[in-house]
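Trainee: sequence plus the predicted model coming up.
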Amino acid sequence: MIDFKLVRKEVVELLQEIIKFDTTNPPGNEKPLAEFLKEKFDREGIENRILPAPGENRATFWARIPGEEGGKGLLLLSHLDVVPADKKEWSVDPFSGAIKDGYIYGRGALDIKILVVIHAVVMFLIKRNNIKLKKDLIMLSVADEEEGGEAGAKYVLENFPDLTESPVVLGEGGYGTTGILPDNKPLFSLSTGEKGVAWLKIKTHGRPGHGSMPIKDSAPNKLIEFLHTLINHRFPLKFTESMQEFFRGMAKYQGGIAKMIMNNAESLGSLGFIRKKLEENPKLGAAIQNTISVTMGNWGYKGNVIPEIAEASLDCRIVPGTTVEDFIEEIRKLGEPFDVEVEPVITFNPNESPVDTEIYSVIKNVLNEEGVEVLPFISPGITDTRFFRMRGSLGYGIVPIIVPVEELDRIHGIDERVSLDNLEWGTKIMFEIVKRYLGK
């Protein structure tokens, strides 16, 4: 029987140590952290390797505990890089790992050095306690997730497929929260899939001229009219398997008409007043429909000159059930009256794993035993897990902590932090999931 009160000290100190490695991406500089992890795993006698990543001072860390029956079993996925942090805006140095009021503060505390640490300590506990596994347990902490994964997950999957193949992957994306269900009951939104991405550049052309004589069909005017069309366009709601299960699960905590609506969200969601209600929650609204955000605009070079070209950038997110190709074709058709050119910049198809799998049941049972409700959810954002789902793996996002829902605003924000209690609890939860799923 493992005493997780004793494990707590190790997890806390390890997270403090790795937060001190400044792996801000760009440029990344993940290699020193990968070398630090290698030293730790060497001492534990666990097979490990540093895998190269394109770019200077970059690397991915890989480790494996073999199963007795041979073959791949479970891959624990995290990333070593973090987003930038402005020291002047924080109450502590974002790369200090400082402890204050029961929390570790630092960039990566929630996204996602916490998973690097939890996964590492789970590997240590499996090895130290001589727990026999049926299949291989792999830990993969990649470079470059925060900049799209080209130099990290995508690179190692293409160049080291024998090391990274796994039928099941547990990565980031899902957190447990309080403040959503009645009586402050914790809700874990287990990420079963992610929306696709279409970053598009749109361009219009028109006759240039002097600003004193307006041109009705100028390039900027056409672009603005098209953007207005997009902003007001209503895509149909799409309830994937995960989101149907989510609404049915939430219905248990409702009464009256709210219960009826949630139990029948797919058939009733398109009704005007119901759709409006669903869209009041931005995250919920984004999970059930394609979305477009206008992010940049560029035209003109002088205040009194009407330019001949106008451009804008769009961040489009696509729900499972729609392909990138079909979505872009719809945008092109909407743009036909304005002679719009549509140029894909970065695209990924949406992806989703089923809820009727063994690993999903194991996760659900472990968390249910802790009094946590578990419901599947489609993430509006993207993670490296998408590369594995697109290759055929089952992929689920689980960061095993429970926080007030507003605490998640600290991700990529100011004073990112995680409680010491959560570090202890999360390590226990992840250890139990791995042991039940792979243990003999």
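Mentor: Sure, I can see it.
Trainee: please make it C-alpha for all contacts and neighbour counts, starting now.
Mentor: OK.
Trainee: need the pLDDT of residue 40.
Mentor: pLDDT for residue 40: 98.
Trainee: now swap in residue 272 and tell me
Mentor: 81.
Trainee: run a quick neighbour tally on it.
Mentor: 9 (other Cα atoms under 10 Å).
Trainee: from residue 238, how far off is it?
Mentor: Distance, residue 272 to residue 238, using Cα to Cα, to the nearest Å: 15 Å.
Trainee: so residue 18 makes contact with residue 112?
Mentor: No - if you go by Cα atoms under 8 Å, residue 18 and residue 112 don't touch, sitting 11.0 Å apart.
Trainee: more crowded one of those two?
Mentor: More neighbours surround residue 18 than the other of residue 18 and residue 112, with 26 against 22 (other Cα under 10 Å).
Trainee: so which helix or strand takes in the nearest residue to that one once chain neighbours are set aside?
Mentor: Excluding its sequence neighbours, the residue lying closest to residue 18 (Cα to Cα, 6 or more residues apart in numbering) is residue 33, at 6.9 Å. Assigned by DSSP states H and E, residue 33 falls within helix 31-44.
Trainee: go on, residue 435?
Mentor: helix 420-438.
Trainee: got the contact list for that helix?
Mentor: 4-5, 7-8, 11-12, 73-74, 102-104, 114, 118-119, 121-122, 125, 131, 133-135, 137, 358-359, 362-363, 366-367, 399-402 (Cα atoms under 8 Å, 6 or more residues apart in numbering).
Trainee: which among these end up buried?
Mentor: 7-8, 11-12, 73-74, 103-104, 114, 118-119, 121-122, 125, 133-135, 137, 359, 362-363, 366-367, 399-402 (16 or more other Cα atoms under 10 Å).
Trainee: if you drop the residues flanking it in sequence, what lies closest to residue 289?
Mentor: residue 237 (4.9 Å).
Trainee: which parts of the stretch 51-200 of the chain are strands?
Mentor: 59-65, 72-79, 99-100, 103-105, 136-142, 168-178, 187-194, 196-205 (DSSP state E, counting those that start in this stretch).
Trainee: next one: the stretch 251-400 of the chain
Mentor: With DSSP E, counting those that start in this stretch as the criterion, the stretch 251-400 of the chain has strands spanning 291-299, 305-306, 309-318, 341-348, 351-352, 373-379, 394-404.
Trainee: distance of residue 107 from residue 292?
Mentor: From residue 107 to residue 292 the distance is 29 Å (Cα to Cα).
Trainee: quick one: which of the two has more around it?
Mentor: residue 107 (33 against 20).
Trainee: okay, the strands of the stretch 51-200 of the chain in a markdown table with distance to residue 232 and mean pLDDT next?
Mentor: Output for the strands of the stretch 51-200 of the chain, formatted as a markdown table (distance: least, Cα to Cα, whole Å; pLDDT from 0 to 100):
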| stretch | distance to residue 232 | mean pLDDT |
| --- | --- | --- |
| strand 59-65 | 43 | 98 |
| strand 72-79 | 37 | 98 |
| strand 99-100 | 46 | 98 |
| strand 103-105 | 41 | 98 |
| strand 136-142 | 39 | 98 |
| strand 168-178 | 29 | 97 |
| strand 187-194 | 24 | 98 |
| strand 196-205 | 17 | 98 |
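Trainee: looking at those, which is nearest to residue 409?
Mentor: Residue 409 sits nearest to strand 168-178 of all the strands of the stretch 51-200 of the chain, at 11.9 Å, using Cα to Cα.
Trainee: the closest one pairs with which strands, parallel or anti?
Mentor: strand 72-79 (parallel), strand 187-194 (antiparallel), strand 394-404 (parallel) (DSSP bridges).
Trainee: other residues contacting the first one?
Mentor: In this case it means strand 72-79. 67, 112-113, 115-116, 119, 134-145, 164-172, 385, 438.
Trainee: chain center to stretch 255-270: distance?
Mentor: 28 Å (Cα atoms, centre = their mean, to the nearest Å).
Trainee: now it: buried residues?
Mentor: Result for stretch 255-270 [16+ other Cα under 10 Å]: buried residues 259, 261, 262, 263, 265, 266, 269.
Trainee: out of those residues, who's nearest residue 224?
Mentor: Closest approach to residue 224 among these (Cα to Cα): residue 269, at 30.4 Å.
Trainee: quick check, that closest one in contact with residue 237.
Mentor: Yes - Residue 269 is within contact range of residue 237, at 7.1 Å (criterion: Cα under 8 Å).
Trainee: endpoint to endpoint, stretch 188-207 covers what distance?
Mentor: Using Cα to Cα, the two ends of stretch 188-207 sit 55 Å apart.
Trainee: what separates that stretch from the chain centre, distance-wise?
Mentor: Distance, stretch centre to chain centre, for stretch 188-207: 15 Å (Cα atoms, centre = their mean).
Trainee: list the buried residues for that stretch?
Mentor: So for stretch 188-207, counting by 16+ other Cα under 10 Å, buried means 188-206.
Trainee: wait, residue 350 touches residue 325, no?
Mentor: No - if you go by Cα under 8 Å, residue 350 and residue 325 don't touch, sitting 11.4 Å apart.
Trainee: those two: which is more packed in?
Mentor: A count of neighbours by other Cα under 10 Å puts residue 350 above the other of residue 350 and residue 325, at 24 against 12.
Trainee: check contacts around that one.
Mentor: Neighbours of residue 350 in contact, by Cα under 8 Å, 6+ apart: 193, 194, 195, 196, 197, 318, 319, 320, 321, 322, 323.
Trainee: burial of residue 172, as a residue count?
Mentor: For residue 172, using other Cα under 10 Å, the count is 26.
Trainee: same thing with residue 42?
Mentor: 13.
Trainee: surely it meets residue 49?
Mentor: No - between residue 42 and residue 49 no contact is recorded; they are 9.8 Å apart, counting by Cα under 8 Å.
Trainee: hmm, residue 231 is touching residue 291, no?
Mentor: No - taking contacts as Cα under 8 Å, residue 231 lies outside contact range of residue 291: 9.3 Å.
Trainee: the more surrounded of these two?
Mentor: Set side by side, residue 231 and residue 291 show more neighbours around residue 291, with 22 against 13, by other Cα under 10 Å.
Trainee: OK, contacts around the more buried one?
Mentor: So residue 291 contacts 235, 316, 317, 318 (Cα under 8 Å, 6+ apart).
Trainee: of those residues - the most surrounded one?
Mentor: Busiest of these [other Cα under 10 Å] is residue 317, holding 28 neighbours.
Trainee: list the contacts for the nearest residue to that one once chain neighbours are set aside?
Mentor: Counting by Cα to Cα, 6+ apart, residue 197 is the residue found nearest to residue 317 once chain neighbours are left out, at 4.8 Å. Applying Cα under 8 Å, 6+ apart, we find residue 197 in contact with 315, 316, 317, 318, 324, 346, 347, 348, 349, 350.
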